[in-house]
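A.B. asks: Can you look at this prediction? I've put the sequence above it.
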Amino acid sequence: MATLWQLFGTFTKIGAFTIGGGYAMLPLIEREVVDNRKWIGKDDFLDMVVVSQTAPGLLAMNISILVGNKLRGKTGAVVSAFGSALPSFVVILIVAVFLNEYQNNPWLVKMFRAVRPAVVALIAVPIFNMARTAKLNCYTVWISVVSALLIWRLSVSPVLIILVAGVGGVLYRILKDAKPKKS
């Protein structure tokens, strides 16, 4: 069982060493809470990612709250959220103070341009891991592809995609359970 200090330290470390937002934090969170510390299982983590994506707010913050809550209740949720947010708050505060003075620094501009491709990779890794954990196959991968295309090319609301997928999943299950079973 995780102590409150362990939760705080783990999420502070994750928050401090991640560039690129919530999706870039996913592999770090998964590695820490699922693989290294074994606080939760892969299936529970995937469920938390799904809930975190559908809930309002920041993905990484939502996951930290869910993990903290599962392990230590409401206090764990608050401690995990605070640990996750503290590094970003401090960095943003420092950047806000000095950005105007250094925003046109050529070295800083080049550094940020160089970091962008790495951030894309950090976002891609959890997508592939979630696909594997969700057991996507040639029969189900089309749902992800069509959803992504609808959002990207036709600007369909992700909320609508989630609602349609949820209703479709329920209807599929009802129809599948209603079929007579072969003896």
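C.D. replies: Great, that's in hand. Numbering: from 1, shown residues only.

A.B. asks: hey, let's count contacts and neighbours off CA atoms from now on
C.D. replies: Will do.

A.B. asks: avg pLDDT for stretch 91-105?
C.D. replies: Average pLDDT, stretch 91-105: 82.

A.B. asks: State the pLDDT value of V170.
C.D. replies: For V170, the predicted pLDDT is 92.

A.B. asks: what helix or strand does it sit in?
C.D. replies: Assigned by DSSP states H and E, V170 falls within helix 158-178.

A.B. asks: again with K135
C.D. replies: Counting by DSSP H and E, K135 is part of no helix or strand.

A.B. asks: Can you check the pLDDT for it?
C.D. replies: The model reports K135 with a pLDDT of 82.

A.B. asks: How much space separates N104 from M111?
C.D. replies: Per CA to CA, to the nearest Å, N104 is found 12 Å from M111.

A.B. asks: what's the answer for G169, then?
C.D. replies: G169 is 44 Å from M111, by CA to CA.

A.B. asks: Low-confidence stretches in the protein?
C.D. replies: For the chain, the stretches with pLDDT under 70 are 20, 183.

A.B. asks: just checking, what packs against the longest helix that it contains?
C.D. replies: For the chain, the longest helix by residue count, based on DSSP state H, is helix 59-102. Applying 3 or more CA pairs under 8 Å, 6 or more residues apart in numbering; DSSP states H and E, one finds that helix 59-102 makes contact with helix 4-16, helix 22-30, helix 42-54.

A.B. asks: With respect to burial, which of the ones you listed scores highest?
C.D. replies: Across the helices and strands packed on helix 59-102, averaging neighbours per residue (mean count of other CA atoms under 10 Å) puts helix 22-30 on top, at a mean of 22.

A.B. asks: What is the one helix or strand A121 maps to packed up against?
C.D. replies: Remark: A121 resides in helix 106-133, with elements defined by DSSP H and E. In terms of contacts (3+ CA pairs under 8 Å, 6+ apart), helix 106-133 is packed against helix 22-30, helix 42-54.

A.B. asks: Contacts for the longest one next, please.
C.D. replies: The set of residues external to helix 42-54 that reach it, using CA atoms under 8 Å, 6 or more residues apart in numbering, is 30, 34, 58-60, 62-63, 66-67, 130, 133-134, 159, 162.

A.B. asks: If we use 10 Å, what do you get?
C.D. replies: Residues outside helix 42-54 that contact it (CA atoms under 10 Å, 6 or more residues apart in numbering): 22-23, 26, 29-30, 33-35, 39, 41, 55, 58-67, 70, 129-131, 133-134, 158-159, 162-163.

A.B. asks: For those, which ChimeraX command selects only the ones that are buried?
C.D. replies: Those of the contacts of helix 42-54 that count as buried under 16 or more other CA atoms under 10 Å are selected in ChimeraX with:
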select :22,23,26,29,30,33,34,39,59,60,61,62,63,64,65,66,67,129,130,158
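
A.B. asks: Would you mind telling me which of the helices and strands packed on helix 59-102 is nearest L122?
C.D. replies: helix 22-30 (4.7 Å; CA to CA).
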